[in-house]
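J.: Below is the sequence, then the predicted model.
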Amino acid sequence: MVANNVKIARVLGLGLLTVLFSASIQAAVVVEDLGAGITRVTVDPITFNVTADGSAGFLVIKDFWAAPSSACGQPDSSTMSWSINGAAAVTPTQYGCTGQINFAFGSIGLTDLFFDFNGGAGDLVNGLTGDEIVIGGVFTFSNSVSIAANPGPYTATLQSASNVIATASTAVAAPPPSPSATPVPTMPAYGLVLTMLGLFLVAGRRLRQLMITV
């Protein structure tokens, strides 16, 4: 009986740690207005499963911006990289327009947030059906326009101008543009943490009682 209660206490403890960590998890895409027309985009690694053979030179976060852009973003810096089926990562060159666009380009619209690596053959990702592609990193672009973000979540695609080769298996979420990307737990998360803490304390008290009686 004591062993069982020790196991319960351990499980509850792990559950509490999981809640504490998940409460502070930031969204998959973080956009920051750095001022002077510079925007920084941090993309946590997103996993795609290719559903159509083809080449892709754009990572697109569909309908991210709440209003159409009036400017064409220009490449500033990038650490973005992609990898296919766990192979060595490729760091492509960033091209423009990027981040924001003020004209329709294939299926990329004026409210889409996107990373443009649609350059030479060494930059493009060539996927076959069934391939797993992981892409992520940080990029900045200039000539940006300050636009609020839609509340999300969003859908991410890997595509050429018009041909989508993969859609993110899970939607990606992102906060509105902000000068601070510090994660802040929500009130429901705090409530869940308190509940788990209470259960953990009850289990510990029960365990001590059983140890005394044995």
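T.: Looks like it arrived, so ask away. Numbering: from 1, shown residues only.
J.: Can you give me the separation between residue 154 and residue 66?
T.: 12 Å (CB to CB, to the nearest Å). All C-beta spots, glycine's among them, are computed from the backbone N, C-alpha and C.
J.: what do you get for residue 131?
T.: For residue 131, the distance to residue 66 - CB to CB - is 33 Å.
J.: Looking at the two, which one has more neighbours?
T.: residue 131 (17 against 12; other CB atoms under 10 Å).
J.: for the closest residue in space to that one that isn't next to it in sequence, what are its contacts?
T.: Leaving aside its chain neighbours, residue 131 sits nearest to residue 50 (4.3 Å; criterion: CB to CB, 6 or more residues apart in numbering). Contact analysis of residue 50 by CB atoms under 8 Å, 6 or more residues apart in numbering lists 127-133, 158, 165-166.
J.: Show the buried residues in those.
T.: 127, 131, 133, 158, 165-166 (16 or more other CB atoms under 10 Å).
J.: tell me the mean pLDDT for the strand ranked longest in the chain?
T.: Counting residues, the longest strand found in the chain (DSSP state E) is strand 38-50. The average pLDDT within strand 38-50 is 94.
J.: Pull out the buried positions in that strand.
T.: By neighbour count on 16+ other CB under 10 Å, the buried set for strand 38-50 is 38-43, 46, 48, 50.
J.: go on, stretch 146-162?
T.: Under the neighbour-count criterion of 16+ other CB under 10 Å, stretch 146-162 has 147, 149-150, 152-154, 156-160 buried.
J.: I'd like to know how far residue 80 sits from residue 66.
T.: Residue 80 is 24 Å from residue 66, by CB to CB.
J.: about what we covered before: give me the subset of the buried residues of stretch 146-162 lying in strands.
T.: Those of the buried residues of stretch 146-162 lying in strands (DSSP E): 156-159.
J.: Would you point out the most distant pair within those?
T.: Greatest spatial distance among these (CB to CB): 156 and 159, at 10.0 Å.
J.: Which neighbours do those two have in common?
T.: Residues touching both residue 156 and residue 159 (CB under 8 Å, 6+ apart): residue 60.
J.: what's the domain layout of this protein?
T.: 2-23+184-213, 29-168 (automatic domain parsing).
J.: quick one: average confidence on the first one?
T.: Here the mean pLDDT over domain 2-23+184-213 is 47, rounded to a whole number.
J.: Does residue 130 touch residue 48 like I think?
T.: No: checked against CB atoms under 8 Å, the pair residue 130 and residue 48 is beyond contact range at 11.5 Å.
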